[in-house]
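In: Pasting a predicted model and its sequence here:
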Amino acid sequence: MKSASAAIFDEAYYQRYYVDKKTSVVDPEHVERLGAFVCSYLQYLRVPVRRVLDVGCGIGLWRAAVARHFPSASYHGVEFSEYLCGRFGWERGSVVDYQAHDPAEPFDLVICQGVLPYLSPPDLKRALHNLGQLSRGALYVEAVAREDYERDIIDEDLTDPRLFRHRAELYRRGLQDSFTELGGGVWLSRRCEVPLFALECPASR
C-alpha cells in the first residue's frame, strides 16, 4: 500500500472537493467556525502564537481565521499539490518529511486538516513523528478514522474513496509522545510550558 500520489491533487480534485457546492467536503463558513474554536481555545490557554504552519493548506481557508485571531502571527502554507503551489504560491512539501527552514524555531501552531488519511501506515507513522518536531506550541489535527466509518457518520458519497481507514488509536499513539490531547482535535506540545487543569486533558501530563 502506497500513500496517495501527488498526481491526484490536481485542479479537478479541488474543483470537486472544495469548489463545487454539491460535492465539497468543506466550506469557508465551516473553517471560520472551526478556526474560531481552535484559536480561541489557544488564546484562553495563553499559548503564544507567532508562527503558524498549515501543512496541507489546500486553498488556504485557514489563513483568514489565523489573521483574525492572531493578527501579528505569520502564516506559512505548505502543499503537496503542484497545482495549488503554482496557483497560490504555497511552498511545496509533505507532512511526512517537511522541515522548518530554521529547525531551531519550530512553529507555535501547526494545522493539519484532512491530510493524514491519504498516507500509508509507514508514512503516517513518520508524519505523526514529524508533527511533533514541527510544533513547540499546539497542533490541530483533523482525520477521519476507521471508527467513523463503522459508526456510519461518514458521507461516503462526498468522502474521497482513496482514504486509508486507519484506527483512531494509530493516530493517538503516534502523537502521544510529543503532545497532550485536549479534545476537539487540539493537541498541546509537551514542550509548551502552559499549565493545564486535570480535567482539561484526558490524563495527567
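Out: Good, I have the coordinates. Predicted model, so just to flag it, every value in this text is computed and none were measured.

In: tell me which residues of stretch 32-44 are tucked away?
Out: Buried residues in stretch 32-44, defined by neighbour count with 16 or more other CB atoms under 10 Å: 34, 35, 38, 39, 41, 42. Where C-beta positions appear, they are placed from N, C-alpha and C, glycine not excepted.

In: CA atoms only: put it into PDB for me.
Out: Output in PDB follows, covering the C-alpha atoms of stretch 32-44 (Å, rounded to 0.1, in the frame of the first residue of the first chain):
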ATOM      1  CA  GLU A  32     -14.400  30.000  10.100                       C
ATOM      2  CA  ARG A  33     -16.300  28.300  13.000                       C
ATOM      3  CA  LEU A  34     -13.600  25.700  13.400                       C
ATOM      4  CA  GLY A  35     -10.800  28.300  13.300                       C
ATOM      5  CA  ALA A  36     -12.700  30.400  15.900                       C
ATOM      6  CA  PHE A  37     -12.900  27.400  18.200                       C
ATOM      7  CA  VAL A  38      -9.200  26.400  17.900                       C
ATOM      8  CA  CYS A  39      -7.700  29.900  18.000                       C
ATOM      9  CA  SER A  40     -10.000  31.000  20.900                       C
ATOM     10  CA  TYR A  41      -9.100  27.900  22.900                       C
ATOM     11  CA  LEU A  42      -5.400  28.600  22.400                       C
ATOM     12  CA  GLN A  43      -5.900  32.200  23.500                       C
ATOM     13  CA  TYR A  44      -7.800  31.000  26.600                       C
END
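
In: Centre of the chain to it, how far?
Out: Averaged C-alpha coordinates place stretch 32-44 at 14 Å from its chain's average position (CA atoms, centre = their mean, to the nearest Å).

In: Spell out the secondary structure type for residue 78.
Out: Three states are possible here, and by DSSP: H, G, I helix; E, B strand; the rest coil the one that applies to residue 78 is strand.

In: what's downstream of the helix ranked longest in the chain, the next helix or strand?
Out: Looking across the chain with DSSP state H, the single longest helix is helix 28-45. Beyond helix 28-45 in the direction of the C-terminus, DSSP states H and E gives the next helix or strand as strand 51-55.
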